[in-house]
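Visitor: quick one, structure for this:
(2 chains)
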Amino acid sequence: MRTNHDIKLGVSMYSYQEAFYLRHLDLEGCLTAIAGAGAEGVEIFGEAMIRDFPFVSDEFLYKWFYMMDNLQLTPVCYEHFSDRTFWRDPNRYLNDDEVFDVSVQYIKTAHKLGCKYIRLSHDGHNGMFIMNDEPAHSVVNAEIMARLLPVCQEYDVMMALEVHAPGHLDDGGNDDFLEAIERTGIPYAGLMLDFSCCLRDDFPNNIKAAISRGANPDCIELVREYRRKAGAFKTTDDGEIDVDWEEMFAKLKAMGAGPADMAYANRAKGRISPPKVIKEYASRLCYIHGKTNWTNEDYTSDEMDYPLYFKALQEGGYKGYISTELEGQRVLPGTVNEVEQVRRHQKLMRNCLGR
Amino acid sequence: MDTPFKTIIRKSIGMGQNDPDFDKIADFQGPRTRFNPLILADYGRNIYSQGQRIGYCLDIRICGYRGLPINQIRALTFEVDGVAIPEESLSIWYENRQHPFADVGTDKIEINWFWKYGDYLRVFIEIPGGIEQGIHDVKFGLALRDHYSSTAYCAKPVTIV
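Guide: Numbers count the residues shown, from 1 in each chain, chains lettered A, B, ... in the order given. Below is the predicted model of the structure:
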């Protein structure tokens, strides 16, 4: 259902990855699920859903636009990847020129699909962190992105620079990319938020998985209590978040916490982006991944304070799509109904927007 | 743009760094690898030539959320009924092509030949006499050389016909 709202809702088909993988839903089925959930925007993965990838046939495009029209959906984003490692020889990998060429192909395909954005696989994805700092595992760096800007301008496709936890919008981890955009003067790339930066609590499958790895449910509950406290953003006189993690670790130790508990606790104490940061950056964001692992039956979320963050996005002047990106199915494969989770998440977001 | 862009030095999370070789099942049983029963089919089959069994096949699917070039398969590691399968006896059968596993990750395979998302890729294990029809305990580890250095592990009974 197409709308004229400033904030539009979409769905990344990442959300239906398992249903698609198991052939429960084909592409038309996934798009029908998006329409049925009340969303209007679509994000597509070529590597998963375009049979002829890296090419896209005229036949595919004909069906694609028919389905968009019939279901009253809008293509929004095409996912980009830039792996370099295709050989056994660890010293052999794609150079920057080759990554540039591969990326140009994605931009052209996005244009053909009618998508105004590509989610760029870039080195600032995790802000000041990077998954692997070996050159072979670099993806698009600031230099390559700068070279892509004129191509994006020609095809009218914007590069969305996703910032995903443990990175944060304000951690400076995308300054090289932002400088490159400023220096070229071609505004065809911008920051993109992933809600992983805003998560304050865990979800049922992850808790089950932690317990299966040997974590003590009581220890998990203690950690969740501290994490939720951090997510309430109460501050001390010094402006620090009022959570004493050392106190939590002392309590865990007293409870006889083992390695699985400590691993769980260490992951939980990561920073959460406060709503004031989201509000500050909102008008500069070009796209948002509504990362979700679990939405409750009553359209509430434990893992994120949706009303607070949606208020921040609205007050900060965000205009664009927020696309559901369900990820909770990945922890325990075969246990989550993705269609139902996306439906709940869309309703939760509509409730926050007063629709 | 006469001066190069500054590059931020980012702190490595270490994903995929200092990994084991993934040449034995134990390498997949650490906390980094996710258990995923969906990557291995419940049924396999012996392969016959003129009435003689020459080996058997197991059907596997990629882990993660996208298809990848075949060349990005780093390791296919199997243990069948407690016995490790040597890599030298593995071949891949997919889209009417057959390659010994040794070809994967070399120029014998073009980098845009994709293992499509959700497709079963057939792995032929060459062993004269094949395997007895029946239920076998199969452990399977999959390691990829993608950006995330993805790995997956599964252990399940497989009915081999």
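
Visitor: show me the shaky parts of chain B.
Guide: Flagging of chain B using pLDDT under 70 yields the residue ranges B:1-2.

Visitor: what segments of it are strands?
Guide: For chain B, applying DSSP state E gives strands covering B:11-12, B:34-35, B:43-49, B:52-60, B:68-69, B:73-80, B:83-84, B:90-94, B:97-100, B:114-115, B:121-126, B:134-144, B:151-160.

Visitor: for these, which one sits closest to A:Ser103?
Guide: Distance to A:Ser103, taken as CB to CB, is lowest for strand B:68-69 among the strands of chain B, at 16.3 Å. The way it works is simple: take the backbone N, C-alpha and C, and place the C-beta from them, glycine included.

Visitor: whichever residue of the stretch 251-355 of chain A sits closest to chain B: neighbour count?
Guide: In the stretch 251-355 of chain A, the residue that lies nearest chain B is A:Pro333 (4.9 Å; CB to the nearest CB). Around A:Pro333 there are 20 other residues, counting by other CB atoms under 10 Å in any protein chain shown.

Visitor: list the contacts for it?
Guide: A:18, B:36-38 (CB atoms under 8 Å, 6 or more residues apart in numbering or on different chains).

Visitor: and these, which two are furthest apart?
Guide: A:Glu18 and B:Pro37, at 12.0 Å, using CB to CB across those.

Visitor: need the overlap of contacts for the two.
Guide: A:333-334.

Visitor: looking at those two, which is more packed in?
Guide: A:Glu18 (21 against 15).

Visitor: just the C-alphas of stretch A:83-93, formatted as CSV.
Guide: Extracted in CSV, the C-alpha atoms of stretch A:83-93 (Å, rounded to 0.1, in the frame of the first residue of the first chain):
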residue,chain,number,x,y,z
ASP,A,83,33.7,-10.0,-1.0
ARG,A,84,37.3,-10.2,-2.2
THR,A,85,38.2,-13.7,-1.4
PHE,A,86,37.5,-16.3,-4.0
TRP,A,87,40.6,-18.5,-4.0
ARG,A,88,42.4,-21.0,-1.9
ASP,A,89,45.5,-18.9,-2.1
PRO,A,90,45.2,-16.5,0.8
ASN,A,91,47.4,-13.9,-0.9
ARG,A,92,45.0,-13.7,-3.9
TYR,A,93,42.0,-11.4,-3.6
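
Visitor: so which of the strands of chain B comes closest to chain A?
Guide: strand B:11-12 (3.8 Å).

Visitor: look at A:Ile168 and report its pLDDT.
Guide: For residue A:168 the amino acid is His, not Ile. pLDDT recorded at A:His168 is 96.

Visitor: okay, now it: neighbour count?
Guide: 26.

Visitor: okay, now the unreliable bits of chain A?
Guide: A:239.

Visitor: rerun at 90
Guide: A:1-3, A:213, A:231-243, A:267-271 (pLDDT under 90).

Visitor: where exactly do the helices run in it?
Guide: Here chain A has its helices, by DSSP state H, at A:17-21, A:27-36, A:46-49, A:58-70, A:96-113, A:142-155, A:175-184, A:204-212, A:217-231, A:245-254, A:259-268, A:275-281, A:306-315, A:338-352.

Visitor: residues touching the nearest residue to B:Arg32 once chain neighbours are set aside, list them.
Guide: In space, and not counting its chain neighbours, B:Arg32 is closest to B:Thr151: 6.5 Å by CB to CB, 6 or more residues apart in numbering or on different chains. The neighbours of B:Thr151, taking CB under 8 Å, 6+ apart as the test, are B:19, B:22, B:28, B:32-34, B:63, B:141-144.

Visitor: give me phi/psi at the nearest residue to A:Asp89 once chain neighbours are set aside?
Guide: Using CB to CB, 6+ apart and skipping the chain neighbours, the partner closest in space to A:Asp89 is B:Gly105 (7.8 Å). With angles defined as degrees, to the nearest 10, B:Gly105 sits at phi 90, psi 10.

Visitor: export the contacts of A:Pro333 to CSV and tack on distance to B:Gly67?
Guide: CSV is the format used below for those (distance: CB to CB, whole Å):
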residue, distance to B:Gly67
A:Glu18, 15
B:Asn36, 16
B:Pro37, 20
B:Leu38, 15
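
Visitor: quick one: which of those sit in helices?
Guide: Per DSSP H, the subset of the contacts of A:Pro333 in helices is A:Glu18.

Visitor: just the closest of the contacts of A:Pro333 to A:Tyr155, please.
Guide: Lowest distance from A:Tyr155 to the contacts of A:Pro333 (CB to CB) belongs to A:Glu18, with 32.1 Å.

Visitor: what's the spacing between the nearest residue to that closest one once chain neighbours are set aside and A:Ala19?
Guide: In space, A:Glu18 comes closest to A:Gln329 once its chain neighbours are excluded; the distance is 4.9 Å by CB to CB, 6+ apart. Using CB to CB, to the nearest Å, A:Gln329 is found at 9 Å from A:Ala19.

Visitor: more crowded one of those two?
Guide: The residue with more neighbours, out of A:Gln329 and A:Ala19, is A:Gln329; 24 against 21, by other CB under 10 Å.

Visitor: wait, what's in contact with the more buried one?
Guide: A:Gln329 neighbours (CB under 8 Å, 6+ apart): A:17-18, A:205, A:335-336, A:338, A:341.

Visitor: ok, 10 Å please
Guide: Counting by CB atoms under 10 Å, 6 or more residues apart in numbering or on different chains, A:Gln329 touches A:14-19, A:21, A:205, A:293-294, A:335-338, A:341, B:65.

Visitor: then B:Lys116?
Guide: Contacts of B:Lys116 (CB under 10 Å, 6+ apart): A:47-48, A:50-53, B:61-62, B:66-68, B:94-95.

Visitor: switch the cut-off to 7 Å
Guide: When contacts are counted by CB atoms under 7 Å, 6 or more residues apart in numbering or on different chains, B:Lys116 touches A:51, B:67.

Visitor: gap between it and B:Arg122?
Guide: From B:Lys116 to B:Arg122 the distance is 13 Å (CB to CB).

Visitor: for burial, what's the neighbour tally of residue 94?
Guide: I'll assume chain A. A:Leu94 - counted by other CB under 10 Å - has 19 other residues nearby.

Visitor: wait, chain B was what I had in mind.
Guide: Neighbour number of B:Tyr94 under other CB under 10 Å is 17.

Visitor: contact partners for the residue nearest to it when sequence neighbours are not counted?
Guide: Closest residue to B:Tyr94 apart from its sequence neighbours, by CB to CB, 6+ apart: B:Leu121 at 4.7 Å. In this structure, B:Leu121 makes contact with B:60, B:92, B:94, B:115, judged by CB under 7 Å, 6+ apart.

Visitor: and the residue nearest to A:Asp89, what is it in contact with?
Guide: A:87-88, B:71.

Visitor: could you flag which of those are buried?
Guide: For the contacts of B:Gly105, a neighbour count by 16 or more other CB atoms under 10 Å in any protein chain shown gives the buried set as A:87, B:71.

Visitor: quickly name whichever of the contacts of B:Gly105 is closest to A:Leu252.
Guide: A:Arg88 (43.2 Å).

Visitor: residues of chain B that sit close to chain A?
Guide: For chain B, the residues in contact with chain A (CB under 7 Å from any CB of the partner chain) are B:1, B:4-8, B:10-17, B:31, B:36-38, B:65-67, B:69, B:71-72, B:105-106, B:111-112, B:114, B:116-118, B:145-149.

Visitor: now with 6 Å, please.
Guide: Contacts of chain B with chain A, taken as CB under 6 Å from any CB of the partner chain, map to B:5-8, B:10-13, B:15-17, B:36, B:38, B:65-67, B:69, B:71, B:105, B:111-112, B:117-118, B:145-147.

Visitor: A:Lys269 contacts A:Trp245, doesn't it?
Guide: Yes. Under the criterion of CB atoms under 6 Å, A:Lys269 makes contact with A:Trp245 at 5.1 Å.

Visitor: report how many residues lie close to A:Asp237.
Guide: 6.
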